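[1] let me see the structure of the following:
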Amino acid sequence: MTWTRWWTLSPPLTGQNGSQAGNPTWEGRVVAEILVNPQAAPLDQPVEVQVVGLKPGQTITVQLSTGERASHAVFDADDRGVVDLTRHAPAEGSYRGVDPMGLFWSLERTGGKPGPTVLSVEGVGDRVLDRLTVPEGVERQEVRENGLVGTLFAPEDDGGDLPGVIVLSGSEGGLHETDAALLAAHGFVTLALGYFGMPGLPEHLVDVPLEYFGKAIDHLSERAGEIGVVGGSRGGELALLVGSTYSQVKAVVSVVGSGVVTQAIGPGANLLQKLSYEAASWTLKGEPLPYLPYEIGDELRARIVNDEPVPLRLAFSTEDGIPEDTEIEVERIAGGVLLISSGQDDGWPSTELSDVALRRLKDHDHPFAHEHVVYPEAGHLIAGPPHRPATEVTYPGPGVTFSGGGTPQATAHARADAWKRTVEFLREQLGT
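    All right, here's what the predicted structure looks like:
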């Protein structure tokens, strides 16, 4: 283990003049210091923090700041004069309980400008952390050919033997480059693939041809071995759909996704107009795929009119059953399927919609690994890399504020576990 040290004074001698074993001293006194392991690391890698050389029982406040966000936690040093964030719970602060990454997910907006990530303890010192969105040793290459819009990430000198993973965004469109870059560092060639909402692509999530994803699979196959697909929310629905359409896909991870094809998100100046646009999200061979339509009820309208946070799950009704022709034929996927959902998902009923996929896999005795993991207290925002702020349970939508549901702590912990499961599942199924 390599610890990065920060002293309050000049680097002192250690283990002399009666100091505590391993703690620095200065003129016979133990000097408090911050230990960070590691100082620079990919965003999805946890950080271990200790403050040593304190007086037993001494109270300190550990603070984390990114300029625009801040968090803090108050600790009492143990009988060795140590505060260890991997073992100790704060007496008060931005989070509760023993949580090594609590300071990171509990960051709240300050109104300030973005700056460096600084860990500090008053009277002890501070340390600048480097949280890498593109890990060292990962190459980035834009893809703008054959109609594809994406970004390729790969470990340097990968040798062409690594498996490939297509990373899909959700209803926000665009590219999930950070997700793809971090996954690449775990031994994959990844392609963050756009499919709407970018130049050269459909403007809206309407009539997107599945053949486009077949081109992406072919493109990635030129650089990688076995292919997997990962997506969150509407991207999770799409990941299952792509896997069931193309036999080259050997692993699918759907995070807060759906085993049911759902309605398009069309043009419009506000949410009601977008939801009222009756069209398919996806087409195959020029034909629109059947879909579960939105239901715009009184409660949903009232939330919008009253400018209250909108749980979009209200637009999805499964009480009268789900038309069978809208169910994704996930049993056709030629590989493993990992379904991940949240029990308090306000974005849409991801647990119920994912259960549809699990039922079909079980009914057809799917010969590959398949599992549905549910986080009971988590909200919608669990997709993507961990250790990012989770304090906001709402997020902006078209003329509205969406409710994500869940609690910040449960959502943060679910995000970390879901990411870990995703990496492990892809490794197992694709053979890194």
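[2] contacting residues for the closest residue to Ala279 other than its chain neighbours?
    Residue nearest to Ala279 in three dimensions, not counting chain neighbours: Ala264, with 4.2 Å by C-beta to C-beta, 6 or more residues apart in numbering. Where you see a C-beta, it was placed from the backbone N, CA and C, and this is true even at glycine. For Ala264, the contact set (C-beta atoms under 8 Å, 6 or more residues apart in numbering) comprises 204-207, 277-281, 291.
[3] try 10 Å
    Ala264 is in contact with 204-208, 274-275, 277-282, 288, 291, 293-294, counting by C-beta atoms under 10 Å, 6 or more residues apart in numbering.
[4] ok, now Ala280?
    Residues near Ala280 by C-beta under 10 Å, 6+ apart: 205-208, 261-264, 287-291.
[5] gap between the residue nearest to Ala279 and Leu201?
    15 Å (C-beta to C-beta, to the nearest Å).
[6] do Val337 as well
    27 Å.
[7] do Pro56 as well
    61 Å.
[8] more neighbours: which of these two?
    Ranked by neighbour count (other C-beta atoms under 10 Å), Pro56 and Leu201 place Leu201 first, with 18 against 11.
[9] that one and Ala216 touch, don't they?
    No - using C-beta atoms under 10 Å, Leu201 is not in contact with Ala216; the gap is 12.0 Å.
[10] give the contact list for Tyr95.
    Shown in contact with Tyr95 (C-beta under 10 Å, 6+ apart): 71-73, 89, 101-106, 391, 408-409, 412.
[11] let's see it at 6 Å
    102, 106 (C-beta atoms under 6 Å, 6 or more residues apart in numbering).
[12] ditto for Lys55
    Applying C-beta under 6 Å, 6+ apart, the residues near Lys55 are Gly81.
[13] also Asp44?
    Asp44 touches 182, 385-386, counting by C-beta under 6 Å, 6+ apart.
[14] change it to 7 Å
    Taking C-beta atoms under 7 Å, 6 or more residues apart in numbering as the contact definition, Asp44 lies against 182, 385-387, 419.
[15] same check, this time on Gly115
    Gly115 touches 66-67, counting by C-beta under 7 Å, 6+ apart.
[16] next one: phi and psi at it?
    The phi and psi values for Gly115, taken as degrees, to the nearest 10, are phi -150, psi -170.
[17] and Asn37, by the same measure?
    phi -140, psi 110.
[18] pLDDT wise, what is it at?
    At Asn37, the model reports a pLDDT of 96.
[19] give me the most central residue, the chain.
    Gly384 (1.6 Å; C-alpha atoms, centre = their mean).
[20] would you map the strands across the stretch 151-300 of the chain?
    164-168, 189-193, 208-209, 227-232, 249-255, 282-284, 287-288 (DSSP state E, counting those that start in this stretch).
[21] what comes up buried for the second one?
    It refers to strand 189-193. Buried residues in strand 189-193, counted by 16 or more other C-beta atoms under 10 Å: 189-193.
[22] that strand: how far from the chain's middle?
    Centroid separation for strand 189-193 versus its chain: 15 Å, with C-alpha atoms, centre = their mean, to the nearest Å.
[23] quick one: strands adjacent to that strand?
    strand 150-155 (antiparallel), strand 164-168 (parallel) (DSSP bridges).
[24] neighbouring contacts of it?
    143, 150-154, 158, 162, 164-168, 175-177, 179-180, 183-184, 216, 220, 223-224.
[25] got the angle between that strand and strand 227-232?
    50 degrees (axes from the mean of the first three to the mean of the last three C-alpha atoms, to 10 degrees).
[26] give me the mean pLDDT for strand 189-193.
    98.
[27] now do the buried residues in the longest helix belonging to the chain.
    Counting by DSSP state H, the longest helix found in the chain is helix 408-430. Neighbour counts using 16+ other C-beta under 10 Å place 408-419, 421-423, 425-427, 429-430 of helix 408-430 among the buried residues.
[28] let me know the helix or strand that Phe402 is in.
    strand 401-403 (DSSP states H and E).
[29] pLDDT on that strand, on average?
    Mean per-residue pLDDT for strand 401-403: 97.
[30] for stretch 217-230, same thing?
    On average, stretch 217-230 scores 97.
[31] swap in stretch 259-272?
    96.
[32] distance across it, terminal residue to terminal residue?
    Distance between the two ends of stretch 259-272: 24 Å, counting by C-alpha to C-alpha, to the nearest Å.
[33] oh, and call the first residue 13 from now on, that's how I've got it
    OK, 13 is where the count begins now, so the last one is stretch 271-284.
[34] helices along the stretch 163-312 of the chain, start to end?
    Ranges of helices in the stretch 163-312 of the chain, per DSSP state H, counting those that start in this stretch, are 189-196, 223-233, 246-257, 283-287, 310-317.
[35] winner for burial among those?
    Mean neighbour count (mean count of other C-beta atoms under 10 Å) peaks for helix 246-257 among the helices of the stretch 163-312 of the chain, with a mean of 28.
[36] tilt between that one and strand 261-267?
    When the same axes, to 10 degrees is applied, the directions of helix 246-257 and strand 261-267 differ by 160 degrees.
[37] can you pull the contacts of the closest residue to the residue nearest to the centre of the chain other than its chain neighbours?
    Excluding the flanking residues, the one nearest Gly396 by C-beta to C-beta, 6+ apart is Asp191, at 5.2 Å. Applying C-beta under 7 Å, 6+ apart to Asp191 gives the contacts 179, 204, 396-397.
[38] would you check how far apart Asp191 and Gly347 are?
    Asp191 is 20 Å from Gly347, by C-beta to C-beta.
[39] swap in Thr98?
    Distance, Thr98 to Gly347, by C-beta to C-beta: 36 Å.
[40] give me the more crowded residue out of the two.
    The neighbour comparison of Thr98 against Gly347 (other C-beta under 10 Å) goes to Gly347, with 22 against 14.
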